[in-house]
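Enquirer: kindly generate the corresponding structure for this input.
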Amino acid sequence: MIAALLLAAGRGERFGAPEPKQYARLLGRPVLRVAAEALLADGRIEALQPVCAAGEEARVAAMLEGLPHLPPVTGGATRQASVKAGLAALASLHPSGVLVHDAARPVIPDGTIPALLAALEQHAGAIPAQPVSDTLKRGAEGVIGETVPRAGLFRAQTPQAFRFDTLRAAHEASTAEATDDAQLLEWIGESVALVPGHESNVKITFPEDLARVESNLLPLGSSRLLPRIGTGFDVHRLVPGRALILCGVTIPHELGLDGHSDADVGIHALCDAIYGALAEGDIGRHFPPSQMKWRDADSAQFLVHAMERVAARGAMLVNADVTLICEQPKIGPHAAEMMARLAAIMGVDIGRIGVKATTTERLGFPGRGEGIACQAAVSLMVPD
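Expert: Residues are numbered from 1 along each chain as shown. Predicted coordinates for the structure are as follows:
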């Protein structure tokens with residue numbers, strides 16, 4: 001088994017923002033989530049272990065919702081302490097190898113992970129690195145002290161790959177703070193291979209790095225993002241014997257919505273709006289009601305898929321607005337929970353999601369209490 005640690009416990013003080021850089025938005029999604037998706041992209045990682053600051057476990061889990069991962073564990077005051085905590089959490093799984101990756105590096109170039117794992121067949125560790133091409137100066141008090149020869153110097157990147165038992169033993173043996181995990185193996189005399197790094201593997205350190213990384217994530221040939229608007233509308237009957245689920249939240253009510261899946265009219269309308277903005281049909285095209293595997297399915301997985309299509313197009317969600325149309329139940333007391341639930345499923349900030357309700361003044365089927373309707377609208381920025 002190959003496992004991976006996703007390190008997200010740092011505070012990123014040089015980033016200069018109220019929140020750590022791993023929580024910043026990148027094409028509308030948290031940097032942390034984009035980094036996790038990059039780790040999991042080629043299917044070689046069988047266990048993803050997030051490591052975060054104390055008190056951030058639920059927040060990180062919400063950002064990673066829909067991705068296969070282990071429950072986040074609390075890191076330490078230093079990077080080294082966080083890695084050690086993550087290794088301890090993975091120990092019961094007995095992985096043969098482990099990748100250690102910074103959540104602030106959202107781009108993992110194609111071929112990096114296969115190259116690292118291939119190198120582990122001959123070495124105890126492997127890291128992606130790029131030769132230093134700039135002239136290096138050592139300075140003091142604002143003046144050059146000397147020119148440093150750059151021959152044989154490399155810039156280390158992540159993910160870094162290691163044989164699990166060797167890395168854990170190196171951490172246990174360490175009595176000093178290393179700059180990265182590869183240095184720990186150097187100290188115990190183990191061989192660490194260098195595999196080719198890439199300029200696109202940027203560690204977000206300053207706010208301007210976000211724009212640089214976003215340009216790397218845009219589809220090839222795209223130079224700008226254009227606004228797209230999508231709308232969705234859905235209706236379901238109210239019947240006895242069914243749970244009432246609206247926008248991912250179960251609402252206490254004597255009736256529930258009838259449908260092939262869980263009949264979450266809010267999520268269905270929202271999915272149609274997203275697919276519409278992408279010109280990719282509607283929810284029935286992607287999840288046909290004729291297929292029994294979607295019987296009583298949790299509609300959250302439909303919304304995860306819709307957002308995956310947004311990501312696959314290199315697009316970003318600007319905002320989503322949902323209007324539930326019914327006489328009963330009252331939506332107001334549950335609206336905040338609905339917005340939080342939708343934001344968690346979609347991997348976006350709650351400030352981008354609106355949920356509200358209206359009635360039809362007792363006219364039509366909603367006015368008679370026979371069903372619930374929903375209208376949704378979304379705004380996307382999509383590469384041209």
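
Enquirer: look at residue 45 and say how many residues are nearby.
Expert: Residues lying near residue 45 (other CB atoms under 10 Å) number 26. C-beta coordinates here come from the backbone N, C-alpha and C atoms, glycine included.

Enquirer: how about it, secondary structure?
Expert: Residue 45 falls in the coil class when you classify it by DSSP: H, G, I helix; E, B strand; the rest coil.

Enquirer: what residues are up against it?
Expert: Contact analysis of residue 45 by CB atoms under 8 Å, 6 or more residues apart in numbering lists 2, 3, 4, 39, 99, 113.

Enquirer: now do 10 Å
Expert: By CB atoms under 10 Å, 6 or more residues apart in numbering, residue 45 lies in contact with 1-4, 6, 36, 39, 68-69, 95, 97-99, 101, 113, 117, 159.

Enquirer: ok, residue 129 to residue 114 distance?
Expert: 16 Å (CB to CB, to the nearest Å).

Enquirer: tell me which of these two has more neighbours.
Expert: Ranked by neighbour count (other CB under 10 Å), residue 129 and residue 114 place residue 129 first, with 20 against 12.

Enquirer: and the gap between the more buried one and residue 158?
Expert: Computed as CB to CB, the residue 129 to residue 158 distance reads 10 Å.

Enquirer: overlap in contacts of these two?
Expert: Shared contacts of residue 129 and residue 158, counting by CB under 10 Å, 6+ apart, come down to 182, 197, 201.

Enquirer: going along the chain, name the strands of the stretch 201-350 of the chain.
Expert: Counting by DSSP state E, counting those that start in this stretch, the stretch 201-350 of the chain has strands at residues 225-239, 244-246, 249-251, 256-257, 316-325.

Enquirer: what's the closest of those to residue 268?
Expert: Comparison of the strands of the stretch 201-350 of the chain against residue 268 by CB to CB identifies strand 225-239 as nearest, at 4.2 Å.

Enquirer: so where is the stretch 201-350 of the chain shaky, pLDDT-wise?
Expert: Low-confidence segments of the stretch 201-350 of the chain (pLDDT under 70): 215-224.

Enquirer: so residue 122 touches residue 193, yeah?
Expert: Yes: counting by CB atoms under 10 Å, residue 122 touches residue 193, with 7.0 Å between them.

Enquirer: so the closest residue to residue 246 other than its chain neighbours versus residue 116, what's the distance?
Expert: Once flanking residues are discounted, residue 246 sits nearest to residue 266: 5.0 Å by CB to CB, 6 or more residues apart in numbering. Distance of residue 266 to residue 116, given as CB to CB: 43 Å.

Enquirer: tell me who's in contact with residue 2.
Expert: Contacts of residue 2 (CB under 10 Å, 6+ apart): 44-47, 95-99, 113, 116-117, 120, 161, 164.

Enquirer: what's across from it in the sheet?
Expert: Listed by DSSP bridges, the beta-bridge partners for residue 2 are residue 97.
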